[in-house]
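[1] Dropping a prediction and its sequence here:
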Amino acid sequence: MSTTESETLVSGIDQTGGDFKYDVKYDFDAGTGLTDRTVDYISSVKKENAWLREFRQNALKTFFAKPLPTHWATRDLENINFDKIRYYLSSGQKPKRTWDEVPEDIKRTFERLGIPEQERKFLAGVEAQFDSEAAYSNIKDTVAKQGVIFVNSTEGLREHPEIFRKFFGKIIPTGDNKFSALNSAVFSGGSFIYVPPGVKVSHPLQAYFRINAENFGQFERTLIIADEGAEITYMEGCTAPKFSTSTLHSAVVELVALKGAKIQYITVQNWAPNVFNLVTKRGVAHEEAEIKWIDCNIGSRLTMKYPGVVLKGRKARGEVISIALANDGQHQDTGAKMIHAADETTSNIVAKSISVGQGRSTYRGVVHIPKHLRGCKNNTECDALLINSNSRTDTYPAITVRGDANFVQHEASVSKVSEEQIFYMRQRGLTEGQAMSLSVNGFINDLARQFPMEYSVELKRLIDLEMEGSVG
Amino acid sequence: MSTAAPSVDAPSVGDFTAERFQRHLAELKGAPDWWVTRKRAAYEKFASLPMPRRTDESWRFSTLTGLSLAAPESAPAASVELPTLHDVATTARLSFIGNRLHQSSGLPAELVAKGVIVTSFSDAARHERDLVEAHFMAQAQRLGSEKFAALHAAFLSDGAFVFVPKGVELTDPIVVGHAANGQAAFPHTLVVLEENASATVIDLFGGETPLAIGANDLYAGHGSRLTYIGVQNWAPSALSFQLNSTLARRDTRVQSLNLHLGGRQSRHESLSQLQAPGAFSEMLALTVAREKQEFDQRTLQVHQAPNTKSDLLYKNALLDSAKTIFSGLIIVDPDAQKTDAYQSNRNLVLSENAEANSLPGLEIQANDVRCTHGATTSRLDPEQMFYLRARGIPPAAAQQILVFGFFEEVLNRLAHEGIHAALRGLIEAKFRE
């Protein structure tokens, strides 16, 4: 690669891009702390039905009843002060359909994120989330004409209960874990998508999320249903301004791929390094359906996220492609869960992590193949790259296989950047930093290629940024 | 014991009451004070610790309802068969029945003259106090069985003690037989190798027992070479714990192989510490799990110094409704650069009701390392079966050939041919059952 090309790519991103913040007046604010009144307040503002209010209240009880999972997870979770978090903020707007209707100050924030450009280039629809409510949403005519429903969670449950209520909270029940319970109690925003049978959405749907208030936790709820034979790709990317105190992000994402459907869910997570990012993501793949999670974690203080696929129908297929980059003060605790529940189901997990400085990356995985299933296969590969002598990585997979008709293999390796590679590149005039950056990009290249083009470019730039100052 | 249901977290002592412990101490004539003091502390620890709970990560996938501290002080069984290895020449033999020394035979006089000691633990506790006190259960249990390790330390009445002084090399193995006689069994083997010494020690476990908690301490001094083989073949009713502890010093080579055959539910914990540069620990295990047997294996390889190496290979064959758990962890400390660690678990599932669980883990805090692990679970390769059957070999025989081939990879790592053959014989016998 020539230097000019590399510079062009680097200059394409504003390196302080994540640090800005504009003052926004919030019309609705549930205050800090969490009680049943907070939950009632959110429900009232959203004019929700009684069943949903009750759902939220029950979830709150579950949240309080469940302990933090520190018997296996990091004790850093104990540093979350749930009383200091704002659980709901809204600028009181209805989702906007056209760009012209979006208020000017919010537009400026989005411009820094590059949304209008992306839209011009690639996007069929934009569901850009500003704080709790979608401030801007635009479904291109083509998608709407195909009968695709693309709304936020409030709208989805209010306008289309016949479609969404059936699966809402069924893939990830409230009591799945403490943070899914928290999300179920206070969720707002997120995307609800329904793709009718046989419809192939040719362009990826995309949502940008932002946290824009200090101490403000964001609790999106996403539910994507691909009906029989439908296909959809959804992209979610995050950048966030830097805050002085910790903030919490706890989303729940549920995917349903009915017979023969395909869902691809792509995440690039780059929260500020004070964010606790505790996300539950799971999909159910019916007969011959396919769910693929492409998950890239670069930001946050602590991310705990293990996208899962329940392979419910014969010949269903699940895949998780995971890239994690942990720098100083960061812990990327990511992984995957594959629950095989039908014959001839296959799953594939490829996870690569990079630990820089004192960063810590952890792979945690579950592969479960219960009794009497036949012809199930799983392949898991986890590779960890350690950059500095004080970097850290852990691997904790759990594999259960019953019966003699299935095949599972798991492999993991830990290594550092090859000295020979660095030597070779330095001989050809690259600085140690450039060589290192190139080598690290090479390590994840086969995975990064699976991202849509603009994401893989962004990813490469983010890695270059993270590698700055890590050597020498 | 009261018949009221104990609360979930209440420490339980089961049949090992304080009164029974007092009786045990009274029977232990001539035990030195230091040992009695350690026993009392161990009993207190045992009594204060809770039984494993469902939320304990170190007991994930284990059948906790199978853990029981029931082991009445009944009359010893009339006949006891001593476990032996056939056709293996030995340097010395020790055998124990019901935790008591039964016979001790033949350490050659020239080795005695060189300072080699092969004796009972109770004897060594009196006469080799410094060695025993320094090495006996010196490495803290940290893999989940702390309560059971404490029970072992409290009720242990005898075991084997092997000491090989500087530069002495023993070619033939020292074989220790531990036979249970219907009561709870607490076998112990303590091995200390001084600088550049070399030895092979074989533990054989067998007989009727409701609860067997065995432990060993393997200390490999600078430049020494130690081979340890444990053959667990308790009667099918036994709840078994086998706690291995290895400390490897500079430029050592420690090889351990555990063969798991017996018991109803067996927990094996193996802890290997590589304390100085050049240490190498090879950890091997073979399990044949039949019927409703459960084998629960937990391992830890701790690399504490640079340039250390560990290589773990655990193979399980599962038949009927058997269940195995392998949970391994490699820890590389921040200063342990140039570590080379490997961990591999292979499960061969031969029945549709068997269940194999695998938790291969890594915790790496140094960057200049080569650490890999792998876990596979599958049935016999259909292509290999086809190959053999195409050559006219009947299915049952073909299966047997492939299964033994599966084990042979591990057995081939043993340098001693006699031991290799004897272990293969034991595995074959289990398959013929």
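    All right, it came through fine. Numbers count the residues shown, from 1 in each chain, chains lettered A, B, ... in the order given.
[2] could you list every residue that touches A:Ile422?
    A:Ile422 makes contact with A:432, A:435-436, A:439 under the criterion Cβ atoms under 8 Å, 6 or more residues apart in numbering or on different chains. All C-beta spots, glycine's among them, are computed from the backbone N, C-alpha and C.
[3] for A:Glu231, same thing?
    Going by Cβ under 8 Å, 6+ apart, A:Glu231 touches A:195, A:199-201, A:261-263.
[4] beta partners of it?
    A:Lys200, A:Lys262 (DSSP bridges).
[5] what does the one 5 residues further on give?
    Counting by DSSP bridges, A:Glu236 is bridged to A:Ala207, A:Thr267.
[6] That one against A:Thr267, yeah?
    Yes. Taking contacts as Cβ atoms under 8 Å, A:Glu236 lies within contact range of A:Thr267: 4.8 Å.
[7] hang on, the earlier thing: for ChimeraX, write a command that selects the buried ones of the contacts of A:Glu231.
    Buried residues among these (16 or more other Cβ atoms under 10 Å in any protein chain shown), as a ChimeraX selection:
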select /A:195,199,201,261,262,263
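[8] Quick check: the two most widely separated of the contacts of A:Glu231?
    Using Cβ to Cβ, these reach their maximum pairwise distance at A:Val199 and A:Ile263, which is 12.5 Å.
[9] quick one, what contacts the residue of chain B found nearest chain A?
    Distances between chain B and chain A by Cβ to the nearest Cβ are smallest at B:Asn367, namely 3.6 Å. Applying Cβ under 8 Å, 6+ apart to B:Asn367 gives the contacts A:355, A:386-391, A:416, B:337.
[10] roughly how far apart are the closest residue to chain B within the stretch 301-450 of chain A and B:Ala341?
    Distances between the stretch 301-450 of chain A and chain B by Cβ to the nearest Cβ are smallest at A:Leu386, namely 3.6 Å. From A:Leu386 across to B:Ala341, the span is 13 Å (Cβ to Cβ, to the nearest Å).
[11] who touches both of those two?
    Common neighbours of A:Leu386 and B:Ala341, counting by Cβ under 8 Å, 6+ apart, are B:Val369.
[12] in the chain, what spans have low per-residue confidence?
    Assuming you mean chain A. A:1-30, A:89-142, A:207-217, A:237-246, A:454, A:458, A:469-472 (pLDDT under 70).
[13] To clarify, I was referring to chain B.
    With pLDDT under 70 as the threshold, chain B has low-confidence stretches at B:1-10, B:78.
[14] One more pass at 80, please.
    Residues of chain B that meet the criterion pLDDT under 80 lie in B:1-11, B:74-79, B:106, B:433.
[15] Would you mind listing what in it touches chain A?
    By Cβ under 8 Å from any Cβ of the partner chain, the residues of chain B that approach chain A are B:55-57, B:60-61, B:334, B:337, B:347, B:349-379.
[16] Name the residues of the stretch 51-200 of chain A found near chain B, please.
    Going by Cβ under 8 Å from any Cβ, the residues of the stretch 51-200 of chain A near chain B are A:71-72.
[17] which stretches of the stretch 51-200 of chain A form strands?
    With DSSP state E, counting those that start in this stretch as the criterion, the stretch 51-200 of chain A has strands at A:89-90, A:125-130, A:133-139, A:149-151, A:192-195.
[18] contacting residues around the last one?
    Think strand A:192-195. A:146, A:148-153, A:155-157, A:160, A:163-164, A:201, A:205, A:221-227, A:230-232, A:234, A:261.
[19] and if you look at stretch B:383-392?
    B:395, B:397-399, B:401-402.
[20] from the chain's centre, how far out does it sit?
    Stretch B:383-392 sits 37 Å away from the centroid of its parent chain (Cα atoms, centre = their mean, to the nearest Å).
[21] now stretch A:167-182
    That offset, for stretch A:167-182, works out to 16 Å (Cα atoms, centre = their mean).
[22] And that stretch, what's buried?
    Buried residues in stretch A:167-182 (16+ other Cβ under 10 Å): A:167-169, A:171-172, A:174-182.
[23] Also stretch A:369-388?
    A:369, A:373, A:376-380, A:382-388.
[24] again, but for stretch B:388-408
    Neighbour counts over stretch B:388-408 (16+ other Cβ under 10 Å) mark B:388, B:398-399, B:402-403, B:406-407 as buried.
[25] Distance check, the residue positioned nearest the centre of chain A against B:Val192.
    With distances taken as Cα atoms, centre = their mean, A:Thr267 lies nearest the centre of chain A, 4.4 Å away. A:Thr267 sits 55 Å away from B:Val192, going by Cβ to Cβ.
[26] same deal with B:Glu363?
    29 Å.
[27] and these two? which has more neighbours close in?
    B:Val192 (26 against 20; other Cβ atoms under 10 Å in any protein chain shown).
[28] For the more buried one, pull up the helix or strand it's in.
    Using DSSP states H and E, B:Val192 falls within strand B:188-193.
[29] which is the next helix or strand following that strand?
    strand B:198-208.
[30] could you check the angle strand B:188-193 makes with that next one?
    180 degrees (axes from the mean of the first three to the mean of the last three Cα atoms, to 10 degrees).
[31] Now do strand B:198-208: which elements does it pack against?
    Applying 3 or more Cβ pairs under 8 Å, 6 or more residues apart in numbering or on different chains; DSSP states H and E, we find strand B:198-208 packed against strand B:160-164, strand B:174-181, strand B:188-193, strand B:211-220, strand B:225-234.
[32] what's across from the closest residue to B:Gly98 other than its chain neighbours in the sheet?
    Leaving aside its sequence neighbours, B:Gly98 sits nearest to B:Asn181 (Cβ to Cβ, 6 or more residues apart in numbering or on different chains; 3.8 Å). Beta-bridge pairing of B:Asn181, defined through DSSP bridges, involves B:Glu208.
[33] and B:Asn181, what does it touch?
    B:76-77, B:80, B:97-98, B:207-209.
[34] try it again with 10 Å
    B:74-80, B:96-100, B:207-209 (Cβ atoms under 10 Å, 6 or more residues apart in numbering or on different chains).
[35] which parts of whichever strand or helix holds B:Glu428 are buried?
    Using DSSP H and E, B:Glu428 maps to helix B:417-432. Within helix B:417-432, the residues that count as buried by 16+ other Cβ under 10 Å are B:418-420, B:422-423, B:426-427, B:430.
[36] farthest-separated two in those residues?
    Across the buried residues of helix B:417-432 (Cβ to Cβ), the longest gap, 19.5 Å, separates B:Gly418 and B:Lys430.
[37] related to what we said a few turns ago, surely the residue of the stretch 301-450 of chain A closest to chain B and A:Ser361 touch.
    Yes. Between A:Leu386 and A:Ser361 there is a contact under Cβ atoms under 10 Å: 9.0 Å.
[38] count of neighbours near the closest residue to A:Asp333 other than its chain neighbours?
    Nearest residue to A:Asp333, sequence neighbours excluded (Cβ to Cβ, 6+ apart): A:Thr362, at 4.3 Å. Counted by other Cβ under 10 Å, the residues lying close to A:Thr362 total 25.
[39] At which residues are the helices of chain A located?
    Using DSSP state H, the helices of chain A run over A:3-11, A:36-45, A:50-65, A:104-113, A:115-121, A:141-145, A:153-159, A:161-164, A:178-186, A:419-427, A:432-448, A:453-467.
[40] Distance from the longest one to the middle of the chain?
    Averaged C-alpha coordinates place helix A:432-448 at 23 Å from its chain's average position (Cα atoms, centre = their mean).
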